[in-house]
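Colleague: Quick check, what structure comes out for this input:
(chains A and B)
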Protein chains: 2
Amino acid sequence: MGLKFELLKTTKNARRGRIYLPHGVVETPTFMPVGTNANVKLMTPENLKNVGAQIILANAFHLYLKPGIEVLKHHDGIHNFMNWDRPVLTDSGGFQVFSLRKGRKITKDGVLIKSPLDGSMHMITPELSMEIQNTIGSDIVMAFDYCAEPGITHQEAVYALELTTQWAERSLKKIRSLSDQAIFGIVQGAFFKDLRERSAKEITSMNFDGFAIGGLSVGEEYNLTLEMTEFTVPLLPENKPRYFMGAGAPKLIVDLVNLGVDVFDSVLPTRVARHGQALTWKGKINIRAAKHKFDKTPIDKECKCYTCRNYSRAYLRHLFDRGEALGQILLTIHNLHFMMDLSKRIRESIDNDTFEDLRGEVLKYYA
Amino acid sequence: MGLKFELLKTTKNARRGRIYLPHGVVETPTFMPVGTNANVKLMTPENLKNVGAQIILANAFHLYLKPGIEVLKHHDGIHNFMNWDRPVLTDSGGFQVFSLRKGRKITKDGVLIKSPLDGSMHMITPELSMEIQNTIGSDIVMAFDYCAEPGITHQEAVYALELTTQWAERSLKKIRSLSDQAIFGIVQGAFFKDLRERSAKEITSMNFDGFAIGGLSVGEEYNLTLEMTEFTVPLLPENKPRYFMGAGAPKLIVDLVNLGVDVFDSVLPTRVARHGQALTWKGKINIRAAKHKFDKTPIDKECKCYTCRNYSRAYLRHLFDRGEALGQILLTIHNLHFMMDLSKRIRESIDNDTFEDLRGEVLKYYA
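Modeller: Okay, the predicted model is just below:
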């Protein structure tokens, strides 16, 4: 309904695709910057466009708490509210079931979640999540799921899986009654292959516009993330986009593309920027380090971002040293540019059958 | 030497002028945004140009502490370091003699000042201040002065004045030996008219390129600020620029222009922006107020700034409510645009002989 997906090319498992959405076209593979509170931290929409962001992620639960859906309705949705005219994907609140698990209460109906802002309790059902995401007006809505924590038993994971399937059905039914927004189903199943298989079967049996792999990259070993992804991806249909929730490390991204994933998101590149860490094609750089004090070179001489075209490491170090937030702004621009450049080079390498070389280059510097 | 000043028009006391500097032309009257640590807080140079900033102020003492003059020398000065190609004025450290008076020690030679960063003691002499400002490469250098605190006795004020005169002589001699940078002398004399008169006489007897009124707007009553300025301005030569140090309130600015002042600076417009206060032609607005929750209108419908063209009060309020620094960025842009717009309208009103009307308008909303 709400999107068209073209699979342009496949090299081994890596896929080159294109998603047509109401607010624009998204070339895949691509990274999505995270804009939890209807803004990517420290970035104007122009900054995001200049680094090449095609689509951003916003969080339904956070926006439901503040500014509240009435404010978003009053502004005709998030695009108008935050002055962003390109696609938006919203998560459903399912991840907050995981991240805010202290004080939550899960029932068949939905989840009672404690607000991290004021401790108030909020009952989030699949139907409410769809209403919120409908009001937000996102280009891609996520089904409301139960993202279980690592270390749960097989029995607990079955319960989470079954709820996720029921909530997926209710999410799909509800959003279709409200709008023609695209909606992605989410495969759960924790770290049990039989459950991943069952979840994938149940979720892909429904008419979602794309599929996400949820419940991974939540603290487990790196190899387990890859193993579960490698197991799950082939269970997803080829003709729909695949979204791995919560991947921002360059190494993880190339490894996931290698397994056939199309879309990623994470706060990592922007968060580490605020702490002085710059991502480059030769690995990470801590801009606060004393060795940069007199360094007139940019973070990366090859980089075409605004920050690298105009500022020395010494200047950036000075800004961090003095606690000037302009340093965080400039590093956020650089890191997002790097992530979008990485996405672009991944796409080009699939086009040119050189993805393996590119992946090798990234793995060399992000071990 | 380092500047050319054209007095284009005088209406009563208000002056319309133009200062030619190595990095560009400054139309006066004008407000100068403050960039203490080689950046105006949260602003890129492009932001500053977009709001119409013609010249910014940086602080020699702060830059001497961090990043240190060796780093600035290595970058061939502040313009290259911070990526700003328009004029820069540096204060001399004299104001820090006032603001960091805890733990300082004043001698004929100079001032021992305690670093606010690490408590280390630094001996700042007029000669060192000139060396610092020469390395910074500012378009306008300020003489090193003794900015006395309010409430000092006549006798203490005489001592401060005499030191200021001696240091002015040493500053002028030193900077002329180093470069052809323009340098402004600073008139002190605390709140004693006989001392203001004596200081003005002594300072203006030297061949400075412009003159500043220092030691006012340091906590005294508003009327006393105006009274002392009104008394001091006529003691300054007509053919050189006049700079009132530390004025950022709209009311104070129009009152000072009315007395014949050309240039101003203050952290006020950027500082209050970071606390959610927007300056408008109808007075101040607290963007955090609950009444803006659903307000789809911009801060000021007439305002042409980036923020007002693109964002609602409701969105700005939301950003502040969630502690998102983008809100501070957007309000800083707005407030600086307002200050530059105010400067521009003051200039136009002098050109059109309507300055009194404009001043009346500002005083109506900033009582």
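
Colleague: What are the contacting residues of the worst-scoring helix or strand of chain A on mean pLDDT?
Modeller: Lowest mean confidence among the helices and strands of chain A (mean pLDDT, DSSP states H and E): helix A:94-99, at a mean of 80. Where contact means Cβ atoms under 8 Å, 6 or more residues apart in numbering or on different chains, the residues beyond helix A:94-99 that reach it are A:59, A:61-62, A:104, A:106, A:111, A:113, A:124, A:129, A:142-149, A:186, A:214-215, A:218, A:245-246. For the C-beta atoms, the positions are set from N, CA and C on the backbone; glycine is no exception.

Colleague: Selection in PyMOL covering whichever of these are buried, please.
Modeller: Applying 16 or more other Cβ atoms under 10 Å in any protein chain shown to those leaves a buried subset, and the PyMOL line that selects it is:
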select buried, chain A and resi 59+61+62+104+106+111+113+124+129+142+143+144+145+146+147+148+186+214+215+218+245+246
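
Colleague: Could you list which of the contacts of helix A:94-99 belong to strands?
Modeller: Using DSSP state E, the subset of these located in strands is A:59, A:106, A:111, A:113, A:124, A:142, A:186.

Colleague: Which residue, other than its chain neighbours, is closest to the spatially most central residue of chain A?
Modeller: Nearest to the geometric centre of chain A sits A:Asp265, at 1.9 Å (Cα atoms, centre = their mean). Closest residue to A:Asp265 apart from its sequence neighbours, by Cβ to Cβ, 6 or more residues apart in numbering or on different chains: A:Met32 at 4.1 Å.

Colleague: For the one you found, give me its contacts.
Modeller: A:53-57, A:89, A:263-265.

Colleague: How about A:Cys147?
Modeller: A:94-95, A:97-98, A:186, A:188, A:214-215, A:218.

Colleague: out of these, who's nearest B:Val25?
Modeller: A:Phe95 (54.5 Å; Cβ to Cβ).

Colleague: Do a quick rundown of the strands in the stretch 51-200 of chain A.
Modeller: Here the stretch 51-200 of chain A has its strands, by DSSP state E, counting those that start in this stretch, at A:56-59, A:88-91, A:105-106, A:111-114, A:121-124, A:140-142, A:182-187.

Colleague: now for those, which one comes closest to chain B?
Modeller: Relative to chain B, the nearest member of the strands of the stretch 51-200 of chain A by Cβ to the nearest Cβ is strand A:56-59, separated by 11.4 Å.

Colleague: Whether the closest one contacts chain B - can you check?
Modeller: No - using Cβ under 8 Å from any Cβ of the partner chain, strand A:56-59 stays clear of chain B, coming no nearer than 11.4 Å.

Colleague: helices and strands around that strand, which ones?
Modeller: Contact analysis of strand A:56-59 by 3 or more Cβ pairs under 8 Å, 6 or more residues apart in numbering or on different chains; DSSP states H and E lists strand A:88-91 as its packing neighbours.

Colleague: quick check, distance from the strand it packs on to the centre of its chain.
Modeller: 9 Å (Cα atoms, centre = their mean, to the nearest Å).

Colleague: Please apply the same query to stretch A:276-290.
Modeller: Per Cα atoms, centre = their mean, the displacement of stretch A:276-290 from the mean C-alpha position of its chain is 23 Å.

Colleague: go on, stretch A:228-248?
Modeller: For stretch A:228-248 - counting by Cα atoms, centre = their mean - the centre lies 13 Å from the chain centre.

Colleague: The host helix or strand of A:Leu279: partners in the sheet, and parallel or antiparallel?
Modeller: For A:Leu279, the enclosing helix or strand under DSSP states H and E is strand A:277-280. As defined by DSSP bridges, the strand partners of strand A:277-280 come to strand A:283-286 (antiparallel).

Colleague: got a list of contacts for the partner strand?
Modeller: Contact with strand A:283-286 is made by A:272, A:276-278, A:299, A:313, A:365-366, as judged by Cβ under 8 Å, 6+ apart.

Colleague: Can you classify the closest residue to A:Arg345 other than its chain neighbours as helix, strand or coil?
Modeller: Nearest residue to A:Arg345 in three dimensions, chain neighbours excluded: A:Leu358, at 5.9 Å (Cβ to Cβ, 6+ apart). Following DSSP: H, G, I helix; E, B strand; the rest coil, A:Leu358 is assigned to helix.

Colleague: next one: A:Asn37
Modeller: Applying three-state DSSP: A:Asn37 is coil.

Colleague: and it, how many neighbours?
Modeller: Neighbourhood size, A:Asn37 [other Cβ atoms under 10 Å in any protein chain shown]: 21.

Colleague: Check A:Lys193 too.
Modeller: Neighbours of A:Lys193 using other Cβ under 10 Å come to 12.

Colleague: Sticking with the residue lying closest to it once chain neighbours are set aside, tell me its helix or strand.
Modeller: Distance criterion Cβ to Cβ, 6+ apart; nearest residue to A:Lys193, sequence neighbours excluded, is A:Phe231 at 5.5 Å. Using DSSP H and E, A:Phe231 sits within helix A:222-232.

Colleague: sorry, back to before: got a list of what the residue nearest to the centre of chain A touches?
Modeller: By Cβ under 8 Å, 6+ apart, the neighbours of A:Asp265 are A:31-34, A:57, A:89, A:243, A:245-248.

Colleague: same thing but 6 Å
Modeller: A:32, A:34, A:57 (Cβ atoms under 6 Å, 6 or more residues apart in numbering or on different chains).

Colleague: repeat for A:Ala58
Modeller: By Cβ under 6 Å, 6+ apart, the neighbours of A:Ala58 are A:35, A:38, A:78, A:88, A:90.

Colleague: The first one and A:Ile56 touch, don't they?
Modeller: Yes - counting by Cβ atoms under 6 Å, A:Gly35 touches A:Ile56, with 4.7 Å between them.

Colleague: confidence score at the spatially closest residue to A:Ala53 that is not a sequence neighbour?
Modeller: Among residues not flanking A:Ala53 along the chain, A:Pro33 sits closest, at 5.3 Å (Cβ to Cβ, 6+ apart). pLDDT recorded at A:Pro33 is 98.

Colleague: now A:Met1
Modeller: Looking at A:Met1, its pLDDT reads 58.

Colleague: just to revisit the earlier point, which of the ones in strands among the contacts of helix A:94-99 lies closest to B:Gly68?
Modeller: The closest of those to B:Gly68 turns out to be A:Asn59 (Cβ to Cβ; 42.6 Å).

Colleague: What about A:Met121, how many residues nearby?
Modeller: By other Cβ under 10 Å, the residues close to A:Met121 number 11.

Colleague: Would you agree it is in contact with A:Val111?
Modeller: No - in this structure A:Met121 lies outside contact range of A:Val111 using Cβ under 6 Å: 10.3 Å.

Colleague: sec struct for A:Phe294, please.
Modeller: Per three-state DSSP, A:Phe294 ends up coil.

Colleague: tell me the contacts of it?
Modeller: A:314, B:74.

Colleague: buried set for stretch A:120-136?
Modeller: Those would be A:122, A:124-136, for stretch A:120-136 by 16+ other Cβ under 10 Å.

Colleague: Please report how far A:Thr11 lies from B:Tyr311.
Modeller: 43 Å (Cβ to Cβ, to the nearest Å).

Colleague: who has more neighbours, these two?
Modeller: Between A:Thr11 and B:Tyr311, counted using other Cβ under 10 Å, the more crowded position is B:Tyr311 (24 against 17).
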